[in-house]
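1. Fold the following.
(one chain, ligands or ions: 2)
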Amino acid sequence: METTPHDNADVHDVIVVGAGPVGQTVLERARAAGLSVALVERELVGGECSYWACIPSKALLRPVVAVADARRVEGASAAVTGTVDPRGAFARRDRVVADWNDSGQADNMTALGATLVRGHGRLVGERRVAVEGPDGAQHMTEARHAVVVCTGSGAFVPDLPGIEEARPWNNRRATDSEQVPGSLVVIGGGGVAVEMASAWQGLGARVTLLARGSALLSRMEPFVGEEVAHGLAESGVDVRTNTDVVSLSRPDPDGPVTVRLAGGAELEADEVLFATGRTPHTDDIGLDTVGLAPGTWLDIDDACRVRGVDGGWLYAAGDVNHHALLTHQGKYQARIAGEAIGALARGESLDTAVWGAHATTADFQAVPQVFFCDPEAASVGLTAAEAERAGHRTKVVDVDMGAVPGAYLYADGYRGRARMVVDLDGHHLLGVTFVGPGVAELLHSATVAVAGGITMDRLWHAVPCFPTISEVWLHLMKAYRD
Ligand SMILES: Cc1cc2nc3c(=O)[nH]c(=O)nc-3n(C[C@H](O)[C@H](O)[C@H](O)COP(=O)(O)OP(=O)(O)OC[C@H]3O[C@@H](n4cnc5c(N)ncnc54)[C@H](O)[C@@H]3O)c2cc1C
Ligand SMILES: NC(=O)c1ccc[n+]([C@@H]2O[C@H](COP(=O)([O-])OP(=O)(O)OC[C@H]3O[C@@H](n4cnc5c(N)ncnc54)[C@H](O)[C@@H]3O)[C@@H](O)[C@H]2O)c1
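-> Ligands and ions are numbered 1, 2, ... in the order given. Here you go, the predicted structure:
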């Protein structure tokens, strides 16, 4: 590493701000391209995903879904004699988040050859990042080639009357809590709401879910929200759609919270969780010093370069660009960005053609998503409505998964649905959706088919094993051809 003569800034090829899964992946690809990298992190190496989102939420859901699965199998159900043990679930959760200690992940980053700089990073003009350390000291860094913003997102909580007094949970308390509240009101109808309602009901809370829209998981096919609402209700969750929260209060700090609804009704609960979306971590990262508006999602081109910044040195990957707020999709963008930075550093030009090495094409055509509630919901690509809006001529094929032998062997009275959306001009899949127990691991087959543009004639030759749930593909293909 060298330093600039005028202000002793440390010079690296690449500076990555934010060491969540996305920043870590940029680092890995940049190192693979032979570039030196500084990784700036203000909190925990591993980000929201490792400590307060994907990992702990799935750790809390797994025992709940495992017990629900066993209860659906005659013979096995007799072995389920009690409820989920929250202490065991919390202990397992604590283990998988390494007790919120990031030394293992930090060591992995330095083992890759990165310089880890602890502190809050802010852009200071072109290719420069000032890092304010935990002790308040400023450390200046400068990049030869690129700065990559991977600062992620935080919970968005609406500014309702009484919100502060109510001390609501957000995704952090919903994933790191050590106690099961007697009752919990969950506000929202997206992924965090349905997963956390599933988890906390299974852990023993009485959960009420309040969604302001008419459906849950409204970005997926409409039948998904219906099936998930049915599953939540079966597990005991009180699901209410078309319900607007107007104010909250908790007059006694140790007492219950009151949630007031439009129309005048009130609900009382031990805790209230806002699962109402995300806000980008861009309000205090020096965007104004490079001509961008603080607090906004960062608009990027195909290779993840931030639009509106001259010179193409500023990149943004992960939640912060708002393409798809998912770890795997952010890591995909990170791989593309890392490869692009490496190619440009070698003096090569970029391949930003559709599905090219430096284009995030999958962000637009093949984003896979799984919600790990009970039942699981999984989709990739376009819904039927999205395909129609985009002007495709389509055939939509639906099947009842309960008729698939692998499914009815998996669970008695298996309840699930699948849909594929076929492009009638290209004869390939635009989107696939599954909802039902155990469908999460089916999804990658659909992702390969959608991203690969595999024709329906060739897909007819992809034989799913008997009797797996994957035979749903055969049912879909037969329904399509017949
Ligand atoms: C409850 C919940 C469950 C989820 N489950 C899933 C799931 O199962 N699967 C999935 O794919 N996605 C899931 N997501 C979404 C997933 O968590 C995000 O898409 C993912 O964390 C994005 O990764 P990231 O690296 O962009 O950001 P983050 O994980 O948010 O990491 C950003 C990092 O940047 C650091 N940082 C921020 N600002 C600065 C600064 N100025 N200087 C230095 N460091 C900074 C932060 O401290 C943080 O460590 C879930 C989200 C939630 C809320
Ligand atoms: N398994 C997974 O992959 C997984 C799990 C959870 C979350 N995530 C991702 O994390 C991101 C955040 O999830 P999320 O569920 O918080 O956001 P979301 O955007 O998916 O859903 C937000 C919900 O809150 C509602 N809402 C928004 N403002 C509101 C208000 N003022 N009052 C009442 N309701 C309001 C919306 O109508 C919507 O139902 C999503 O992009 C999601 O994909 C992924």
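2. so where do the strands sit in the stretch 301-450 of the chain?
-> Secondary structure of the stretch 301-450 of the chain (DSSP state E, counting those that start in this stretch): strands located at 314-316, 368-371, 376-381, 394-400, 417-423, 428-436.
3. Pull out the buried residues from stretch 463-474.
-> Buried residues in stretch 463-474, counted by 16 or more other Cβ atoms under 10 Å: 464, 468-474. Bear in mind the C-beta positions are built from the backbone N, C-alpha and C, glycine included.
4. Same list (these) but as a markdown table, adding secondary structure and distance to residue 98.
-> Converted to a markdown table, the buried residues of stretch 463-474 look like this (DSSP: H, G, I helix; E, B strand; the rest coil; distance: Cβ to Cβ, whole Å):
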| residue | secondary structure | distance to residue 98 |
| --- | --- | --- |
| 464 | coil | 38 |
| 468 | coil | 34 |
| 469 | helix | 33 |
| 470 | helix | 34 |
| 471 | helix | 39 |
| 472 | helix | 37 |
| 473 | helix | 38 |
| 474 | helix | 43 |
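5. What residues does this protein have near ligand 1?
-> Residues of the chain found near ligand 1 (Cβ under 6 Å from any ligand atom) are 17-23, 40-44, 47-49, 53-54, 57-58, 120-121, 150-153, 171, 175, 192, 281, 285, 318-319, 325-328, 330.
6. Quick one: residues contacting whichever residue of the stretch 301-450 of the chain sits closest to ligand 2.
-> For the stretch 301-450 of the chain and ligand 2, the shortest gap (Cβ to the nearest ligand atom) falls at residue 325, measuring 3.3 Å. Each residue near residue 325 by Cβ atoms under 8 Å, 6 or more residues apart in numbering is listed here: 153, 278, 319.
7. if we can go back for a sec, pick the most buried one from the strands of the stretch 301-450 of the chain.
-> Of all those, strand 314-316 carries the top mean neighbour count, a mean of 28, counting by mean count of other Cβ atoms under 10 Å.
8. picking that back up, against residue 82, how distant is the residue of the stretch 301-450 of the chain closest to ligand 2?
-> Relative to residue 82, residue 325 is positioned 36 Å away (Cβ to Cβ, to the nearest Å).
9. Near ligand 2, which residues of this protein are found?
-> So the chain meets ligand 2 at 158, 187-193, 195, 211-213, 245, 275-278, 325-326, 369-372 (Cβ under 6 Å from any ligand atom).
10. Taking the residues you listed, please make a ChimeraX selection of just the buried ones.
-> A single ChimeraX command selects the buried members of the residues of the chain next to ligand 2 (16+ other Cβ under 10 Å):
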select :187,188,189,190,191,192,193,195,211,245,275,276,278,325,326,369,370,371,372
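11. Once you drop chain neighbours, what's closest to residue 74?
-> residue 412 (5.6 Å; Cβ to Cβ, 6 or more residues apart in numbering).
12. tell me the contacts of the residue nearest in space to the middle of the chain?
-> Nearest to the geometric centre of the chain sits residue 326, at 3.0 Å (Cα atoms, centre = their mean). Taking Cβ under 8 Å, 6+ apart as the criterion, residue 326 is in contact with 367, 369.
13. Secondary structure of residue 197: a helix, I assume?
-> Yes: counting by DSSP: H, G, I helix; E, B strand; the rest coil, residue 197 is part of a helix.
14. residues contacting it?
-> Residues near residue 197 by Cβ under 8 Å, 6+ apart: 186, 207, 209, 232, 237, 239, 373.
15. Tell me the one of the residues you listed nearest residue 452?
-> Nearest to residue 452 among the contacts of residue 197 is residue 373, at 28.4 Å by Cβ to Cβ.
16. now the nearest residue to the closest one once chain neighbours are set aside: how far from residue 360?
-> In space, residue 373 comes closest to residue 198 once its chain neighbours are excluded; the distance is 4.0 Å by Cβ to Cβ, 6+ apart. To residue 360, residue 198 is 31 Å away according to Cβ to Cβ.
17. Specify which residue of those two has the higher count of neighbours.
-> Taking neighbours as other Cβ atoms under 10 Å, residue 198 and residue 360 compare with residue 198 leading, 30 against 24.
18. Provide a list of residues in contact with the more buried one.
-> With contacts defined as Cβ under 8 Å, 6+ apart, the neighbours of residue 198 are 61, 64-65, 231-232, 235, 237, 372-374.
19. Pick out the residue in the stretch 251-400 of the chain sitting closest to ligand 1.
-> Nearest residue of the stretch 251-400 of the chain to ligand 1 (Cβ to the nearest ligand atom) works out as residue 318 at 2.3 Å.
20. who touches that residue in this structure?
-> Contacts for residue 318 (Cβ under 8 Å, 6+ apart) come out as 18, 20-23, 150, 152, 330-331, 333-334.
21. For residue 307, see how far away residue 454 is.
-> On the measure of Cβ to Cβ, residue 454 and residue 307 end up 33 Å apart.
22. still on that earlier bit, redo the strands of the stretch 301-450 of the chain as CSV? Include distance to residue 217.
-> Shown next, in CSV, are these (distance: least, Cβ to Cβ, whole Å):
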stretch, distance to residue 217
strand 314-316, 27
strand 368-371, 7
strand 376-381, 6
strand 394-400, 17
strand 417-423, 13
strand 428-436, 9
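23. need those in CSV with mean pLDDT, can you?
-> Below are these laid out as CSV (pLDDT from 0 to 100):
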stretch, mean pLDDT
strand 314-316, 98
strand 368-371, 98
strand 376-381, 98
strand 394-400, 98
strand 417-423, 98
strand 428-436, 98
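24. ok, of the buried residues of stretch 463-474, which one's closest to residue 300?
-> Among these, residue 473 lies closest to residue 300 (Cβ to Cβ), at 34.6 Å.
25. Model confidence at the closest residue to residue 410 other than its chain neighbours, what's the number?
-> Counting by Cβ to Cβ, 6+ apart, residue 410 lies nearest to residue 438, which is 5.5 Å off, once chain neighbours are set aside. Looking at residue 438, its pLDDT is 97.
26. neighbours around residue 438, how many?
-> Neighbour count for residue 438, taken as other Cβ under 10 Å: 20.
27. Next: the one 5 residues further on.
-> When neighbours are counted by other Cβ under 10 Å, residue 443 registers 20.
28. Touching, it and residue 434? I think so.
-> Yes: here residue 443 reaches residue 434: they are 6.9 Å apart, a contact under Cβ atoms under 8 Å.
29. Give me the common contacts of those two.
-> Common neighbours of residue 443 and residue 434, counting by Cβ under 8 Å, 6+ apart, are 378-379.
30. Could you report the separation of residue 124 from residue 375?
-> To residue 375, residue 124 is 49 Å away according to Cβ to Cβ.
31. Comparing these two, which residue is more hemmed in?
-> Shown here are residue 124 and residue 375; by other Cβ under 10 Å, residue 375 has more neighbours (28 against 17).
32. so who does the more buried one touch?
-> Contacts for residue 375 (Cβ under 8 Å, 6+ apart) come out as 227-228, 231, 415-416, 435-437, 439.
33. Mind splitting the protein into its structural domains?
-> The chain is divided into the following domains under automatic domain parsing: 10-46+102-154+279-362, 163-276, 375-481.
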